[in-house]
Structures are given as structure tokens and as C-alpha cells.
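Trainee: predicted coordinates and the sequence they were generated for:
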Amino acid sequence: MGEVLAGDFVPTLKPHPVVIEMALLEVAWADFGDYEKRIAIVLKVQIQQAIVVLINLHLD
């Protein structure tokens, strides 16, 4: 009880503009035939979003 999981934030999470920009740059440079790299980029973006949420919670 009271445990916070990263997934709890995903539905309402609004990505930080810097995170979005970084993701777009990475996707632009990615080889779209490389499925694993695309998955890695998505996961990296989700982690970055979670970090932004944690920082915002800490600052509140």
C-alpha cells in the first residue's frame, strides 16, 4: 500500500518538451528496418519521461 509504480504515471504523463525533441532526433537517425532499435528508443523515452515525473514530484 502506498507503493508508487512507474506505470501509474503513464496514462496521464505529459512528456517534457526536451524529451520529445530528443526522441524525434533519435527516431530521425534510426534505421527503420531495425525493429530492436526502435523498441530501445521507445523504452528510453519512457524512462526519460519517468525521470521527469520523479523530478517534478521531488520539487513539489
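Mentor: Good, I have the coordinates. Bear in mind that the values here come from a model prediction, so they are computed numbers and not experimental data. Numbering: from 1, shown residues only.
Trainee: can you name the element that comes right after the helix or strand of the chain with the lowest mean pLDDT?
Mentor: The weakest-scoring helix or strand in the chain, judged by mean pLDDT, DSSP states H and E, is helix 17-29 (a mean of 70). The element immediately downstream of helix 17-29 (helix or strand, assigned by DSSP states H and E) is helix 35-59.
Trainee: which elements pack onto that next one?
Mentor: helix 17-29 (3 or more Cβ pairs under 8 Å, 6 or more residues apart in numbering; DSSP states H and E). From N, CA and C alone the C-beta is placed, and that goes for glycine too.
Trainee: now Tyr35: how far from Ile47?
Mentor: From Tyr35 across to Ile47, the span is 19 Å (Cβ to Cβ, to the nearest Å).
Trainee: neighbour count: the two, which is higher?
Mentor: The residue with more neighbours, out of Tyr35 and Ile47, is Ile47; 12 against 9, by other Cβ atoms under 10 Å.
Trainee: just the pLDDT for Glu3.
Mentor: On the pLDDT scale, Glu3 is placed at 56.
Trainee: got it, and Gln48?
Mentor: Per-residue confidence (pLDDT) for Gln48: 84.
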